[in-house]
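Peer 1: Take a look and give me a structure for this.
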Amino acid sequence: MTERELTVARLTATPTLLREMARDATGELAWQPPKPGEWSIGEVVRHLVEGDRDTFLPRLRRMLAESRPVFDKTASAPGDRADLATLLDAFTDARRQAVALLRGLDDAGWRREGVSPSRGPLTVETYACTMDAHDTEHLRQTQDVRATLGLTPRRCEARVALPLAELRDALAATPDRVAALAAGLDAKTLRERPEPGEWSMKEVLAHLMELESRLFLPRFRLMATQDRPRFEAFDPIAWARERDRRDGRFEDDLAAFRRARADTLAYLVTLPAGAAERPGLSGHFGPLTLAQYVTHAADHDVEHLAQMRACRAVVIARG
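Peer 2: Below you'll find the predicted structure:
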């Protein structure tokens, strides 16, 4: 992929990543600032909506239709008071329109210019790259808010990568944490779903086990050895419909997960210098580095350990 194609791919992925980062920020939590005077998750989303809908998209259209338009400074307006779901929809729609314009450009289109009141002359390509960086800045801001509010990390969605040594330590601890959560529970309890349609502890473990061997390690290998490999988005709903993963023994799945995780850790140790920065293209995350994908694996563990903990509490309380 060219650098222009990678920019468009990142711009395309941002609405999905933003929805993921806002998914569990429900009710008042969406509008709770981490500190007085700082933006809440909802306010970050509102800013992104206004940036795309009211500035980026109109200016992009003018750059493609007019000869070197000169833009006025965007007037400050009262913030959009729509609810978070409506704001996310508005951002998705505005970004979809902007991406559609960018995808249709030839080289001359990418080089068309406009004059910004703050940046001076800039090309469509420069403007798109600026918006890409703007996305990343505010995705990371959203992750910082999540961390302050005690929500589970979404660091890959925020385009953050942790050092591989730190990630290996986190990944190595997960099988024992799963075992601790299951300690003292019989097979029936481990298979019990907290609510209809939700996963039991056995199903969560099967998900961890299968993704480790079927998805994470194979993709890490491809990213380390191939030039910008592409991956399809994983569909957990389709995965759950394949078969009933409550069948079989929890202990067998845990042993398989331990083996698969050990294989992943052994492979990560062998990676040469620079491998962490090798890129791939995910159908969900868009362009990402190997280190960002391994960061997602660590965050994925955290998410599902919390899911198992919540399931355990419900099924034990129910008796």
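Peer 1: and residue 262, how many neighbours?
Peer 2: A count of nearby residues for residue 262, using other C-beta atoms under 10 Å, gives 14. The way it works is simple: take the backbone N, C-alpha and C, and place the C-beta from them, glycine included.
Peer 1: So which residues of the stretch 201-319 of the chain form helices?
Peer 2: Using DSSP state H, counting those that start in this stretch, the helices found in the stretch 201-319 of the chain span residues 201-211, 217-225, 236-242, 250-269, 290-318.
Peer 1: chain center to the one helix or strand residue 190 maps to: distance?
Peer 2: For residue 190, the host element (DSSP states H and E) is helix 187-191. Its chain's C-alpha centre lies 31 Å from the corresponding centre of helix 187-191 when counted by C-alpha atoms, centre = their mean, to the nearest Å.
Peer 1: The helices of the stretch 201-319 of the chain: which one's closest to residue 156?
Peer 2: helix 290-318 (3.5 Å; C-beta to C-beta).
Peer 1: the inter-axis angle of that closest one versus helix 217-225?
Peer 2: Using axes from the mean of the first three to the mean of the last three C-alpha atoms, to 10 degrees, the direction of helix 290-318 lies 170 degrees away from that of helix 217-225.
Peer 1: and helix 290-318 with helix 201-211, angle?
Peer 2: Going by the same axes, to 10 degrees, helix 290-318 makes 170 degrees with helix 201-211.
Peer 1: Residue 134 and residue 67, how far apart?
Peer 2: 26 Å (C-beta to C-beta, to the nearest Å).
Peer 1: neighbour count winner among these two?
Peer 2: Of the pair residue 134 and residue 67, residue 134 is the one with more neighbours under other C-beta under 10 Å, namely 17 against 8.
Peer 1: tell me which residues of whichever helix or strand the more buried one is part of are tucked away?
Peer 2: Following DSSP H and E, one finds residue 134 within helix 124-149. Judged by neighbour count (16 or more other C-beta atoms under 10 Å), helix 124-149 contains these buried residues: 124-129, 131-132, 134-136, 138-139, 141-146, 149.
Peer 1: cool, and stretch 198-213?
Peer 2: 199-213.
Peer 1: Tell me the one among the residues you listed nearest to residue 97.
Peer 2: The nearest member of the buried residues of stretch 198-213 to residue 97, counting by C-beta to C-beta, is residue 211 at 34.3 Å.
Peer 1: surely the closest one meets residue 296?
Peer 2: No. Look at residue 211 against residue 296 with C-beta atoms under 8 Å: they stay out of range, at 10.7 Å.
Peer 1: Residue 305 is in contact with residue 178, isn't it?
Peer 2: Yes. Contact criterion C-beta under 8 Å: residue 305 and residue 178 qualify, at 7.1 Å.
Peer 1: mind checking pLDDT for residue 242?
Peer 2: For residue 242, the model assigns a pLDDT of 88.
Peer 1: Show me the domain layout of this protein.
Peer 2: By the assignment in automatic domain parsing, the chain contains the domains 3-149, 164-318.
Peer 1: any chance of the ones you listed in a markdown table, plus distance to residue 157?
Peer 2: Formatted as a markdown table, the domains of the chain follow (distance: least, C-beta to C-beta, whole Å):
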| stretch | distance to residue 157 |
| --- | --- |
| domain 3-149 | 4 |
| domain 164-318 | 7 |
